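**Student:** Just need the structure, nothing else, for what follows:
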Amino acid sequence: MKNFLNDNFLLSNETGSRLFHETASKLPVIDFHNHLDPLTLGNNTIYPNVAQLWVTGDPYKHRAMRINGIPERLITGDATDQEKFKAWAETVPQTLGNPLFHWSCLEMERIFGVEEVLRPENADAIWEKCNDLIREKGLTGGSVLKSFNVELLCTSDDLLDDLSPNKKATDNLGMIVKPSLRADSILSFAPGWIQKLAQQTSMEIKDLDAYELAISKKLDDFEAAGCTLSDHALDSGYSFSEPNKSSAAKAFSRVMDGNTLSEAEKEALQNQLLHFLGVEYGKRGWTLQLHMGAQRFTSSRLRKLAGPAGGYATIGNTIDIESLCRLLDSLEQSGNLPNVIIYPLNPADYEAIATLTGSFSEDGGAGKIQLGPAWWYNDHKLGIEHHMKVLSAYGLLSRFVGMTTDSRSVLSFSRHEYFRRIACDLIGRWAEAGELPQDWDMLSGLVANISYYNSKKIVKLS
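**Tutor:** Residues are numbered from 1 along each chain as shown. Down below sits the predicted model:
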């Protein structure tokens, strides 16, 4: 069978092909939001087999396998790695039309040189071929990332995480591995977590003021380690109201006394702290990322089996735009509105967020508010093109920060190539249809900015 992953894969026109091959493909990769483990990267451990590298830790694949009827034992259970690999091989041919098919073929071809589509008939042979290559090349996370021309990546780190693995990874891999703050624990108010925060900051945390001061001290540590971004998951149903420090302080006291908060008390405390954190990010010149609209609580059974990030979440309701505007306005009125990237999971929110990019503009602050990359269930050809068309129509595509993987797999960095091919093809089609000028410098500059230079600015490499 002829390999469909040829030089012009996803490139349907001459201009798009030239934009990809002469501009986009030559640029390094900056991935400013992913969930790779910096400790694993820093140790640069050789993977034991292809399943450990490719299948066992990937919720995207797990979701498809469940839809395909694969028993959970062969997904997250006690089956051997080879059994799980063969279960994935059974699923791959069923993913035709799903982005997982393109991603999987790219990952196999780019890293292992496998041009065949994985299927039950060739699973054993491909298992052996990939494992032989892992052993021969000593394949590690770092070597995979280098093959994708990664210049910089930002891991997602809890406020209490040890940040030394990021420096170790940077020193060992020849690329920059910066921390970014995954701040959800700050708004969860788990007593054990607060106790650890007190220990790490050598502070006695009895009230909200002390809690905020301890958080600020830890933010200093992140800043010293090169952090320039934070991330908050605001799931389906989130609503922001004006912060009330007095009500929040009372709620925090109840937390410290071991009481369970009412929904109103929890919301008051969360909103105060989200505002406090937004101000802190603004003061430090960080970028605030808001991942919005996921419905994470679906199957209780799968949550118990696979954990909180097991690939069974779904798209939630549309974003409460009025609430989001209150949050941004409260930060702007404080004088410390940070740069903000908003990732809506529900594509019905694209138009609203694209217009919002022009609602909090500042003098000299190009791209202050961003409609973030097509995220999670939208990270496919249809979703990427829809996202770019909406952003072009309602905002400025030229200021778009481009692609990020939001993934736990080093192989998912092939999605930067996937994104760049789709973006170049779309821009090329516009040019050849006479909707954009056939001005090479203008078109190439646009592609270079959304592939690399705009993301380079938010991580402060330039």
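**Student:** where exactly do the strands run in the stretch 1-150 of the chain?
**Tutor:** In the stretch 1-150 of the chain, the strands defined using DSSP state E, counting those that start in this stretch lie at 29-31, 150-157.
**Student:** now the stretch 201-350 of the chain
**Tutor:** Under DSSP E, counting those that start in this stretch, the stretch 201-350 of the chain gives strands at 229-234, 287-292, 294-295, 314-315, 339-344.
**Student:** any idea how far Val401 is from Phe20?
**Tutor:** Phe20 sits 19 Å away from Val401, going by C-beta to C-beta, to the nearest Å. C-beta: built from backbone N, CA, C; applies to glycine.
**Student:** swap in Leu181?
**Tutor:** 18 Å.
**Student:** out of these two, which sits in the more crowded spot?
**Tutor:** Leu181 (28 against 25; other C-beta atoms under 10 Å).
**Student:** Would you confirm that that one contacts Gly226?
**Tutor:** No: look at Leu181 against Gly226 with C-beta atoms under 8 Å: they stay out of range, at 11.7 Å.
**Student:** wait, doesn't Leu411 sit right on Ile111?
**Tutor:** Yes: at 6.4 Å, Leu411 and Ile111 qualify as touching, with contact defined as C-beta under 8 Å.
**Student:** How about the contacts made by Ile315?
**Tutor:** By C-beta atoms under 8 Å, 6 or more residues apart in numbering, Ile315 lies in contact with Gly293, Ala294, Gln295, Leu345, Asn346, Tyr377.
**Student:** err, Gly57, not the other one
**Tutor:** Contacts of Gly57 by C-beta under 8 Å, 6+ apart are Arg408, Ser409.
**Student:** What distance do you get for it to Ser414?
**Tutor:** 16 Å.
**Student:** what are the ranges of the helices in the stretch 251-400 of the chain?
**Tutor:** 263-284, 300-306, 321-333, 350-356, 381-394 (DSSP state H, counting those that start in this stretch).
**Student:** Tell me which other helices or strands the last one touches.
**Tutor:** Spelled out, that is helix 381-394. Where contact means 3 or more C-beta pairs under 8 Å, 6 or more residues apart in numbering; DSSP states H and E, helix 381-394 is packed against helix 350-356, strand 369-371, helix 415-432.
**Student:** quick one: low-confidence parts of the stretch 201-350 of the chain?
**Tutor:** The model of the stretch 201-350 of the chain has no residue with pLDDT under 70.
**Student:** Repeat the analysis, applying 90 as the threshold.
**Tutor:** Of all residues in the stretch 201-350 of the chain, those with pLDDT under 90 make up the ranges 235-239, 241-242, 304-312.
**Student:** What sits closest to the residue most central in space within the chain if chain neighbours are left out?
**Tutor:** Centroid-nearest residue in the chain, with C-alpha atoms, centre = their mean: Asp406, separated by 2.2 Å. Spatial nearest neighbour of Asp406, chain neighbours left out: His33 (5.5 Å); criterion: C-beta to C-beta, 6 or more residues apart in numbering.
**Student:** What's the local residue count around the one you found?
**Tutor:** 26.
**Student:** which residues touch it?
**Tutor:** So His33 contacts Cys154, Ser156, Ser180, Leu229, Asp231, Gln289, Thr404, Thr405, Asp406 (C-beta under 8 Å, 6+ apart).
**Student:** And the pLDDT for it?
**Tutor:** His33 carries a pLDDT score of 97 in this model.
**Student:** now the residue of the chain positioned farthest from its centre: how far from Glu263?
**Tutor:** With C-alpha atoms, centre = their mean as the measure, the chain has its most outlying C-alpha, relative to the mean C-alpha position, at Asp257: 35.9 Å. In this view, Asp257 and Glu263 are 18 Å apart by C-beta to C-beta.
**Student:** what's the overlap in contacts for Leu411 and Ile111?
**Tutor:** Listed contacts common to Leu411 and Ile111 are Val144; contacts here mean C-beta under 8 Å, 6+ apart.
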